[in-house]
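K.L.:
3D, please:
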Amino acid sequence: MSEGDHIPRIGQVVRILRGREAGQYAIVIKIIDSQYVLLADGEKRKYDRPKKKNISHIACLDFISPEVQNSLLETGRVTNGKLRFAIAKFASEVVTDLEKGDQHDGKRRCN
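P.N.:
Numbers count the residues shown, from 1 in each chain. Next up, the predicted model:
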C-alpha cells in the first residue's frame, strides 16, 4: 500500500468518526489541502452546503463512486440525487458483502 492510498480521493465514500454526524456516510466532493476535505451526502448535507472535515476524523472506505467522480471532474458539480444514489449503492454492496461473510474494513484512516 503506497502513501497515496491514505489520502481521500474525490468521489470516495467515507465514514465520519467524530462530531455530530459520527457514524454516518458521506462522499468527498473536494480536497481543500492535506488536512481538510469537503463532504456531502445529498440529503442532510447538500452539495452546495458541504461539511469541512479534518481527514483524521473520517475513515476512508474502499469505494469510489465513478458517477460522482466523473461528474465532479468533468463539470465541477454533482447533483444531490447522484450523491444519495452513490451512498445507497455503497450501502447495498457492503450489506451484500457482509451477508456473504466477507469482512469489510471500514476502519482504515485517510491520513
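
K.L.:
quick one: low-confidence ranges for the chain?
P.N.:
Within the chain, the ranges that satisfy pLDDT under 70 run 1-5, 95-111.

K.L.:
And the helix or strand hosting Gly81, what does it pack against?
P.N.:
Using DSSP states H and E, Gly81 falls within helix 80-99. For helix 80-99, the packing partners by 3 or more CB pairs under 8 Å, 6 or more residues apart in numbering; DSSP states H and E come out as strand 12-16, strand 25-31, strand 58-64, helix 66-75. The C-beta positions use only the backbone N, C-alpha and C, and glycine is treated the same way.

K.L.:
Throw those into a markdown table and include mean neighbour count and distance to Gly42, thanks.
P.N.:
Shown next, in a markdown table, are the helices and strands packed on helix 80-99 (neighbours: other CB atoms under 10 Å; distance: least, CB to CB, whole Å):
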| stretch | mean neighbour count | distance to Gly42 |
| --- | --- | --- |
| strand 12-16 | 22 | 12 |
| strand 25-31 | 23 | 8 |
| strand 58-64 | 19 | 15 |
| helix 66-75 | 15 | 9 |
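
K.L.:
Reformat those into CSV and put distance to Phe90 next to each item.
P.N.:
Shown next, in CSV, are these (distance: least, CB to CB, whole Å):
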stretch, distance to Phe90
strand 12-16, 5
strand 25-31, 7
strand 58-64, 5
helix 66-75, 10
